[in-house]
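A.B. asks: Take a look and give me a structure for this.
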Amino acid sequence: MSESIALAVIGGTGLYQLAGLADVESHQPVTRYGAPSGPVRIGRLDGHRVAFLARHGEGHSLPPHRVNYRANLAALKALGAQRVLALNTVGGITERFGPGVLGCPDQLIDYTWGRVSTVWDGEADGAGGNEVLHVDFGEPYTRTLRNAVIAAAAEAGIAMAAGGCYGATQGPRLETRAEIARMRRDGCDLVGMTGMPEAGLAREMGLDYACLAIVANWAAGAGPDPDEVITLQDVLDNVAAASSGLPALLGALLACGIAD
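C.D. replies: Below you'll find the model as predicted:
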């Protein structure tokens with residue numbers, strides 16, 4: 001495409017469109033891995049070209065273990081994206097990650113199973129796009145993009161909990177108290193269902209990738225009320241409240257020159 005995409009945003013649960021995106025065009029490329037979760041909406045945000053894709057589909061029709069993560073990232077890359085900001089709706093495990101908090105983790109632990117976690121599909125294409133890769137993943141999120149997100153939040157006056165470890169679980173059910181207790185012992189601060197294999201695939205595809213975690217609820221047994229029952233409506237309400245500052249944060253991120 002003639003004009004590059006400054007930033008691609010992947011929306012999670014409760015985030016099915018990108019507020020402020022203007023002059024929107026819709027694209028739905030079919031990749032070697034199949035079709036993405038839905039149309040990629042490309043438009044302008046504060047004068048910059050931005051792409052948005054709803055990870056679960058715009059009608060939330062795809063559970064976490066059925067998302068075609070490879071196709072989603074491949075579609076964004078084919079349309080010209082090089083930087084991906086993943087919005088992940090999560091539960092909070094440790095004290096500084098309560099409901100309504102925005103976090104930008106720097107580590108993750110993968111508890112998922114049975115998901116396709118590599119671009120390799122058993123057949124070489126002769127173009128270097130489908131090879132066995134052993135990528136360095138000690139630092140799972142791109143440091144420069146993470147730092148830019150954290151700086152943008154400060155510039156926009158939006159509180160952010162920087163750092164921490166995201167634990168990716170299989171879903172679609174929520175976790176037991178014992179599972180969350182184990183994750184706390186493992187060092188997890190946040191729990192979600194879509195952080196992997198997305199981050200690993202982004203690394204294999206050569207994409208800059210960072211996570212903006214939106215804390216929707218306390219994980220099971222982690223909050224002040226250990227008997228709290230988590231409802232979808234509570235999750236959606238907390239996501240809406242926590243993401244109210246997202247347009248300002250994205251505006252500051254784009255203004256900082258990440259696409260230069």
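A.B. asks: Tell me, how many residues neighbour residue 228?
C.D. replies: 14 (other Cβ atoms under 10 Å). For glycine as for every other residue, the C-beta is placed from the backbone atoms N, C-alpha and C.
A.B. asks: what residues are up against it?
C.D. replies: residue 218 (Cβ atoms under 8 Å, 6 or more residues apart in numbering).
A.B. asks: any idea which element it lies in?
C.D. replies: Assessed by DSSP states H and E, residue 228 sits outside every helix and strand.
A.B. asks: Residue 65 belongs to a helix?
C.D. replies: Yes. Using DSSP: H, G, I helix; E, B strand; the rest coil, the secondary structure at residue 65 is a helix.
A.B. asks: Distance of it relative to residue 168?
C.D. replies: Separation of residue 65 from residue 168 (Cβ to Cβ, to the nearest Å): 11 Å.
A.B. asks: what does residue 190 give?
C.D. replies: Counting by Cβ to Cβ - residue 190 and residue 168 are separated by 9 Å.
A.B. asks: One more: residue 59?
C.D. replies: 23 Å.
A.B. asks: which of those two has more neighbours?
C.D. replies: More neighbours surround residue 168 than the other of residue 59 and residue 168, with 26 against 9 (other Cβ under 10 Å).
A.B. asks: residue contacts, that one?
C.D. replies: With Cβ under 8 Å, 6+ apart, residue 168 has these contacts: 108, 109, 110, 111, 112, 192, 193, 194, 195, 196.
A.B. asks: wait, what's in contact with residue 193?
C.D. replies: Applying Cβ under 8 Å, 6+ apart, the residues near residue 193 are 64, 65, 112, 168, 169, 170, 171, 172.
A.B. asks: so where's the stretch 151-260 of the chain shaky on pLDDT?
C.D. replies: Scanning the stretch 151-260 of the chain for pLDDT under 70 picks out 259-260.
A.B. asks: Okay, strands next: where are they in it?
C.D. replies: According to DSSP state E, counting those that start in this stretch, the stretch 151-260 of the chain carries its strands in the segments 161-162, 165-168, 190-192, 208-218.
A.B. asks: same check, this time on the stretch 1-150 of the chain
C.D. replies: 7-11, 22-27, 40-45, 48-54, 83-92, 102-104, 107-110.
A.B. asks: For residue 208, find the nearest of those.
C.D. replies: Ranking the strands of the stretch 1-150 of the chain by proximity to residue 208 (Cβ to Cβ) places strand 83-92 first, at 4.4 Å.
A.B. asks: By neighbour count, which bits of stretch 87-105 are buried? Give me those.
C.D. replies: Across stretch 87-105, burial judged by 16 or more other Cβ atoms under 10 Å covers 87-94, 97-105.
A.B. asks: my bad, should have said stretch 46-58
C.D. replies: 46, 48, 49, 50, 51, 52, 53, 54, 55, 56, 57.
A.B. asks: My guess is the second one contacts residue 6. True?
C.D. replies: When you say that, I think you mean residue 48. Yes. Using Cβ atoms under 8 Å, residue 48 is in contact with residue 6, at 4.2 Å.
A.B. asks: Show the residue spans covered by the helices in the stretch 151-260 of the chain.
C.D. replies: 177-186, 198-204, 232-242, 246-255 (DSSP state H, counting those that start in this stretch).
A.B. asks: most neighbours per residue, which of the ones you listed?
C.D. replies: helix 198-204 (a mean of 23; mean count of other Cβ atoms under 10 Å).
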